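Visitor: Model the structure of this input:
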Amino acid sequence: MKIVIDCNVLISAGLKDGVCREVLKKSLEKGKFYLSTEVILEYLLVSRRDKFKAHQAYLERLIEAIVEAASLISPPPSPFILPDPRDQKYIDLAISSEANFLIMGNLKDFPEKTYGKTNILSPHEFLGVLST
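Guide: Have a look, this model is predicted:
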(Lines give C-alpha, C1' and ligand atoms only; values in the text may rest on other atoms or scores of the structure.)
Protein backbone atom coordinates (compact mmCIF):
# COMPACT_ATOMS: atom_id res chain seq x y z
CA MET A 1 0.00 0.00 0.00
CA LYS A 2 1.42 3.39 -1.05
CA ILE A 3 0.78 6.35 1.24
CA VAL A 4 1.21 10.14 1.25
CA ILE A 5 0.57 11.99 4.51
CA ASP A 6 -0.32 15.66 4.81
CA CYS A 7 1.78 17.90 7.04
CA ASN A 8 -0.91 18.57 9.64
CA VAL A 9 -1.43 14.82 10.14
CA LEU A 10 2.31 14.26 10.60
CA ILE A 11 2.71 17.19 13.02
CA SER A 12 -0.33 16.06 15.03
CA ALA A 13 1.14 12.56 15.22
CA GLY A 14 4.34 14.03 16.62
CA LEU A 15 2.63 16.22 19.20
CA LYS A 16 0.12 13.93 20.87
CA ASP A 17 -1.08 10.41 21.20
CA GLY A 18 -4.28 9.70 19.29
CA VAL A 19 -5.66 9.03 15.85
CA CYS A 20 -2.90 10.73 13.83
CA ARG A 21 -0.17 8.93 15.74
CA GLU A 22 -1.99 5.64 15.19
CA VAL A 23 -2.24 6.44 11.46
CA LEU A 24 1.50 7.10 11.30
CA LYS A 25 2.34 3.92 13.21
CA LYS A 26 0.04 1.70 11.13
CA SER A 27 1.21 3.33 7.90
CA LEU A 28 4.82 2.54 8.68
CA GLU A 29 3.92 -1.05 9.54
CA LYS A 30 1.66 -1.76 6.56
CA GLY A 31 2.61 0.62 3.80
CA LYS A 32 5.26 2.55 1.92
CA PHE A 33 5.59 6.30 2.36
CA TYR A 34 6.27 8.64 -0.54
CA LEU A 35 7.79 12.10 -0.19
CA SER A 36 8.99 14.92 -2.39
CA THR A 37 11.48 17.64 -1.52
CA GLU A 38 8.61 20.12 -1.46
CA VAL A 39 6.65 18.07 1.08
CA ILE A 40 9.72 17.53 3.29
CA LEU A 41 10.38 21.27 3.23
CA GLU A 42 6.81 21.97 4.38
CA TYR A 43 7.15 19.42 7.19
CA LEU A 44 10.34 21.14 8.37
CA LEU A 45 9.03 24.70 8.03
CA VAL A 46 5.88 23.91 9.99
CA SER A 47 7.84 22.06 12.68
CA ARG A 48 9.91 25.24 13.20
CA ARG A 49 6.95 27.54 13.87
CA ASP A 50 7.09 29.35 17.20
CA LYS A 51 4.07 27.49 18.56
CA PHE A 52 5.97 24.19 18.17
CA LYS A 53 9.27 25.48 19.58
CA ALA A 54 9.10 23.26 22.68
CA HIS A 55 8.64 20.19 20.45
CA GLN A 56 10.90 21.21 17.56
CA ALA A 57 13.76 18.78 18.23
CA TYR A 58 11.39 15.83 18.56
CA LEU A 59 9.44 16.82 15.43
CA GLU A 60 12.63 17.13 13.41
CA ARG A 61 13.78 13.66 14.55
CA LEU A 62 10.38 12.29 13.57
CA ILE A 63 10.65 13.91 10.14
CA GLU A 64 14.17 12.49 9.70
CA ALA A 65 12.86 9.01 10.52
CA ILE A 66 10.01 9.38 8.03
CA VAL A 67 12.42 10.59 5.34
CA GLU A 68 14.66 7.56 5.94
CA ALA A 69 11.68 5.19 5.66
CA ALA A 70 10.16 6.85 2.58
CA SER A 71 10.76 6.79 -1.13
CA LEU A 72 11.75 10.23 -2.40
CA ILE A 73 10.46 11.21 -5.84
CA SER A 74 10.33 14.37 -7.95
CA PRO A 75 6.73 14.46 -9.13
CA PRO A 76 5.70 16.25 -12.30
CA PRO A 77 2.55 18.39 -12.12
CA SER A 78 -0.60 16.28 -12.09
CA PRO A 79 -3.62 17.13 -14.25
CA PHE A 80 -5.66 17.90 -11.12
CA ILE A 81 -6.03 21.47 -9.86
CA LEU A 82 -7.10 21.97 -6.25
CA PRO A 83 -8.89 24.93 -4.66
CA ASP A 84 -5.92 25.59 -2.33
CA PRO A 85 -2.68 25.81 -4.34
CA ARG A 86 -0.68 24.93 -1.19
CA ASP A 87 -2.10 21.40 -1.41
CA GLN A 88 -0.99 20.92 -5.02
CA LYS A 89 2.32 19.36 -3.95
CA TYR A 90 0.42 16.57 -2.18
CA ILE A 91 -1.82 15.63 -5.09
CA ASP A 92 1.12 15.83 -7.51
CA LEU A 93 3.10 13.48 -5.24
CA ALA A 94 0.19 11.10 -4.74
CA ILE A 95 -0.58 10.85 -8.46
CA SER A 96 3.05 10.49 -9.48
CA SER A 97 3.72 7.75 -6.91
CA GLU A 98 0.41 6.05 -7.69
CA ALA A 99 -0.40 6.24 -3.98
CA ASN A 100 -3.40 4.31 -2.78
CA PHE A 101 -4.07 6.86 -0.06
CA LEU A 102 -3.50 10.53 0.62
CA ILE A 103 -4.27 11.10 4.28
CA MET A 104 -5.46 14.65 4.90
CA GLY A 105 -6.69 16.55 7.91
CA ASN A 106 -8.59 19.08 5.80
CA LEU A 107 -10.76 17.25 3.29
CA LYS A 108 -12.61 20.36 2.13
CA ASP A 109 -9.57 21.31 0.04
CA PHE A 110 -10.08 18.10 -1.97
CA PRO A 111 -13.49 18.30 -3.65
CA GLU A 112 -13.24 14.72 -4.97
CA LYS A 113 -12.78 11.59 -2.86
CA THR A 114 -10.60 9.98 -5.53
CA TYR A 115 -7.97 11.39 -7.90
CA GLY A 116 -6.68 8.79 -10.33
CA LYS A 117 -5.77 5.75 -8.18
CA THR A 118 -5.51 7.82 -5.00
CA ASN A 119 -8.22 7.86 -2.35
CA ILE A 120 -8.36 10.98 -0.18
CA LEU A 121 -9.09 10.00 3.41
CA SER A 122 -9.17 11.60 6.83
CA PRO A 123 -7.09 9.92 9.53
CA HIS A 124 -10.27 8.33 10.99
CA GLU A 125 -11.34 7.03 7.58
CA PHE A 126 -7.89 5.57 6.95
CA LEU A 127 -7.92 3.66 10.25
CA GLY A 128 -11.35 2.34 9.27
CA VAL A 129 -9.96 1.05 5.99
CA LEU A 130 -7.10 -0.68 7.79
CA SER A 131 -9.44 -2.44 10.20
CA THR A 132 -11.51 -4.02 7.42
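
Visitor: Give me the buried positions along stretch 32-40.
Guide: Residues of stretch 32-40 classed as buried by neighbour count (16 or more other C-beta atoms under 10 Å): 33-36, 39-40. For every residue, glycine as well, the C-beta is placed using N, CA and C.

Visitor: Look at it and report the distance between its end residues.
Guide: 16 Å (C-alpha to C-alpha, to the nearest Å).

Visitor: chain center to that stretch: distance?
Guide: What separates the centre of stretch 32-40 from the centre of its chain is 8 Å, taken as C-alpha atoms, centre = their mean, to the nearest Å.

Visitor: same question, stretch 46-61
Guide: 17 Å.

Visitor: buried set for that stretch?
Guide: 46-47, 59.

Visitor: My guess is residue 109 contacts residue 85. True?
Guide: No - the criterion here is C-beta atoms under 8 Å, and residue 109 misses it with residue 85 at 9.9 Å.
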